[in-house]
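**Q** Output the structure for:
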Amino acid sequence: MYQKFCEVRRMAWFFSEGEIPSDVYRFSGENAKHIRVLRLRQGEEVTIVTPGGEQCGGVMESVSDGDVTARITSRKRCENEPDVFVTLYQALPKGDKMDYIVQKCVELGISRIVPVLSARCVSRPDAKSLVKKRERWQKIALQAAMQSRRGIIPQVEECVSFAQAVETSKQNERNIFFYEMGGAPVKEILTENPKTLGMFIGSEGGFEDGEAELAIQSGAPAATLGRRILRAETAPLAALSIIMYQTDNFS
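**A** Purely as a prediction, here's the structure:
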């Protein structure tokens, strides 16, 4: 049993760009490069997840400079995703903290990340810088999704203003505004499990009173993470962990 568990743990995990209609899948681009970096050999097992959520088991057939292919041996629905689609509305923190937030939130089960420019954000990159940052964050999300064996690659959206974030969050079934000035415990807010949920997290300076009022009036109740003030890169991980636990997605 232990040997079988280790074999499953070692199995490489990939995402295909499209569906896989045939029994032979040809790797290309970054996936092919990654296979060479991993030094996978003929006969080794891999898993490939399609955009439609199909989990395909495969065996490497060819690993060469010109051809990297696997033969599909099994197909099933990927069951690794939470049953709640959580969107993180994250006010931009300083430095490279967003890299860490993206990576760890993807591991914990986030479904979408929306960077937000709130009033107290110290980090205020220009449009050109934001494009490059978003590309990096998306690559981090892909790598984290592969490492944690997700059924999807969570998308990192374009950076928006706080008002835009509040407006677009109205499409969610439920929203929670995590506020450093206090609020209700998450368990009192999530009395029923929603299908879609948005969570607002501030930057180092937190949120202004007007922002809190706007979010709360839009239907996002204020929630607390306890009496201790958490760092900007810790708060989203704590909040998401609580939500996943409360919605029974850690069982």
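
**Q** Contact partners for the residue nearest to Leu40 when sequence neighbours are not counted?
**A** Among residues not flanking Leu40 along the chain, Met60 sits closest, at 5.4 Å (CB to CB, 6 or more residues apart in numbering). In this view, the C-beta of every residue, glycine as well, is placed from N, C-alpha and C. Contact analysis of Met60 by CB atoms under 8 Å, 6 or more residues apart in numbering lists Ile35, Leu40, Arg41, Gln42, Gly43, Glu44, Glu45, Val46, Thr69, Ala70.

**Q** Show me the contact partners of stretch 161-168.
**A** 89, 91, 114, 116-119, 160, 200, 211, 214-215, 218, 220.

**Q** Mind doing that once more with 7 Å?
**A** Tyr89, Val114, Val116, Leu117, Ser118, Ala119, Glu211, Leu214, Ala215, Ser218 (CB atoms under 7 Å, 6 or more residues apart in numbering).

**Q** Select, from these, the two members most distant in space.
**A** Within those, two members stand farthest from each other by CB to CB: Leu117 and Ser218, at 17.6 Å.

**Q** ok, those two, which is more surrounded?
**A** When Leu117 and Ser218 are compared on other CB atoms under 10 Å, the one with more neighbours turns out to be Leu117, at 18 against 14.

**Q** And the helices in the chain?
**A** 2-10, 29-38, 97-108, 127-147, 162-168, 186-189, 209-217, 235-246 (DSSP state H).

**Q** need those helices in CSV with mean pLDDT, mean neighbour count and distance to Gly226, can you?
**A** Converted to CSV, the helices of the chain look like this (pLDDT from 0 to 100; neighbours: other CB atoms under 10 Å; distance: least, CB to CB, whole Å):
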stretch, mean pLDDT, mean neighbour count, distance to Gly226
helix 2-10, 44, 9, 34
helix 29-38, 91, 14, 40
helix 97-108, 98, 21, 18
helix 127-147, 96, 15, 26
helix 162-168, 98, 18, 24
helix 186-189, 96, 15, 11
helix 209-217, 97, 16, 18
helix 235-246, 98, 20, 8
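
**Q** Point to the residue nearest the middle of the chain.
**A** Geometric centre of the chain, nearest residue: Val106, 3.0 Å, by CA atoms, centre = their mean.
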